[in-house]
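Q: sharing a sequence plus its predicted fold:
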Amino acid sequence: METKASEKGHLPNRLGIKGWVWGGNYTLERYLYTLHRLTGLGLLLYITLHLAMNGFRLGGVESWEDLMSVFGMSGFKVGEYLVAAAFIFHALNGGRLMLQHLGYTLGKPKPPVYPYVDSMRRRRPIVWVMLASIMALAIYVLVAFVT
Ligand code: HEM
């Protein structure tokens, strides 16, 4: 007989895959989590395609140059920028997550006195610094792409 998740001591996953996008009325960091997952999966897809496309080298100079002429099209330039932007976001947000997982930047615990300040809101400053750095780097790379 099948054992229910709740009987195994797990909380049932009532939201299912929808919970990836909308988990409830959370703060900004919940949406950074969704973006982290999307960019992580996007980068994984890119790396897989990148390695597969490099295999065209084995077909000789002609097959490689044919492929490169396809990648020279303007649509691919936009795609390349999106990969760079996804990497910038994923790397910086990943750095923030590591710091927080290790317990840094969380601030000191406070007694639960009304009006409550939950831990999500208390770690906001690092999120703003990170978002500003992402914007600055994304603009810098965009300028490098178009010039
Ligand atoms: C400087 C580079 C990178 C950093 C600092 C970084 C950091 C992280 C961290 C900390 C996590 C765990 C997030 C969490 O659950 O708390 C993560 C997840 C992940 N990363 Fe990266 N990462 C980097 C590059 C990459 C690259 C190049 C790829 C793809 C090839 C990638 C794919 C993923 C995927 C698929 C996940 C799982 C996402 C999820 O379960 O929601 N990451 N990354």
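A: That came in fine, so what should we check first?
Q: every contact and neighbour count from this point should use C-alpha atoms.
A: Fine.
Q: not counting sequence-adjacent ones, nearest residue to the residue nearest the centre of the chain?
A: Nearest to the mean C-alpha position of the chain, by Cα atoms, centre = their mean, lies H36 at 2.2 Å. Leaving aside its sequence neighbours, H36 sits nearest to H90 (Cα to Cα, 6 or more residues apart in numbering; 5.7 Å).
Q: likewise M130?
A: Leaving out its chain neighbours, the residue that sits closest to M130 by Cα to Cα, 6+ apart is L92, at 6.6 Å.
Q: quick one: secondary structure of that neighbour?
A: What DSSP: H, G, I helix; E, B strand; the rest coil gives for L92 is helix.
Q: what about it, how many residues nearby?
A: Close neighbours of L92, defined as other Cα atoms under 10 Å, add up to 17.
Q: so it makes contact with V129?
A: No - L92 lies out of contact with V129 (Cα atoms under 8 Å); the separation is 10.2 Å.
Q: number of nearby residues for the residue nearest to H36?
A: Number of residues near H90 (other Cα under 10 Å) recorded here: 22.
Q: same thing with N54?
A: Neighbour number of N54 under other Cα under 10 Å is 11.
Q: what helix or strand is it located in?
A: N54 belongs to helix 28-54 when assigned by DSSP states H and E.
Q: what helices or strands is that helix leaning on?
A: helix 74-101 (3 or more Cα pairs under 8 Å, 6 or more residues apart in numbering; DSSP states H and E).
Q: does the ligand sit close to the helix it packs on?
A: Yes - taking Cα under 6 Å from any ligand atom as the criterion, helix 74-101 and the ligand are in contact, through 90-91, 94-95, 97-98.
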